[in-house]
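Chemist: I'll drop the sequence and a predicted model, then ask my questions.
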Amino acid sequence: MPPLDIPVTRTLIVSGALASRDFQDVHHDAEAAKDKGSPDVFMNILTTNGLVGRYVTAWAGPHAVLRKVAIRLGAPNHPGDTMALSGRVTAVTPPAPGASATEGATVEIAVRGDNRLGTHVTGSVTVTLGGEGVPA
């Protein structure tokens, strides 16, 4: 899969936390984050989960359906970082006999997102394609 670089801004971190109703102060208050041992605010797992989903569906196409997203966080994403997402297809299961013409193969993808501190996220995503086959 082609890589995707996502600039990690303070606005992305705060808006992602608010959109996912995660009001933990470490995601919007730099002083509170510092008091708890972090150099600055950091991205929450729900924002990372959404960005991983965006990465996969941008590749898989508008008719793809996410079936499973299983991720694990590592190094935090702080303002000023760039998260470099990459992925590779690890398995392809053809559509079941009798599946509708709009339901394609089910694809398993290993994903990884790195920043200046190391690996931010690893995991796997299962997606059913929209009948057009496996993207290039």
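Modeler: Structure received. All of these numbers come straight from a predicted model, not from anything done at the bench.
Chemist: just give the nearest non-adjacent residue to residue 9, would you?
Modeler: Among residues not flanking residue 9 along the chain, residue 79 sits closest, at 6.0 Å (Cβ to Cβ, 6 or more residues apart in numbering). (C-beta placed from N, C-alpha, C; glycine too.)
Chemist: how about the biggest helix by length in the chain, which residues are buried there?
Modeler: Counting residues, the longest helix in the chain under DSSP state H turns out to be helix 45-60. Residues of helix 45-60 classed as buried: 47-49, 51-53, 55-57, 59-60 (neighbour count, 16 or more other Cβ atoms under 10 Å).
Chemist: which of the residues you listed lies closest to residue 109?
Modeler: Nearest to residue 109 among the buried residues of helix 45-60 is residue 56, at 5.9 Å by Cβ to Cβ.
Chemist: pull up the gap between the most centrally placed residue in the chain and residue 79, please.
Modeler: With distances taken as Cα atoms, centre = their mean, residue 52 lies nearest the centre of the chain, 1.4 Å away. Remark: distance between residue 52 and residue 79 (Cβ to Cβ, to the nearest Å) = 20 Å.
Chemist: what's the residue in the chain sticking out farthest from the centre in contact with, if anything?
Modeler: Distance from the C-alpha centroid of the chain, by Cα atoms, centre = their mean, peaks at residue 98 (31.7 Å). Applying Cβ atoms under 8 Å, 6 or more residues apart in numbering, we find residue 98 in contact with no residue.
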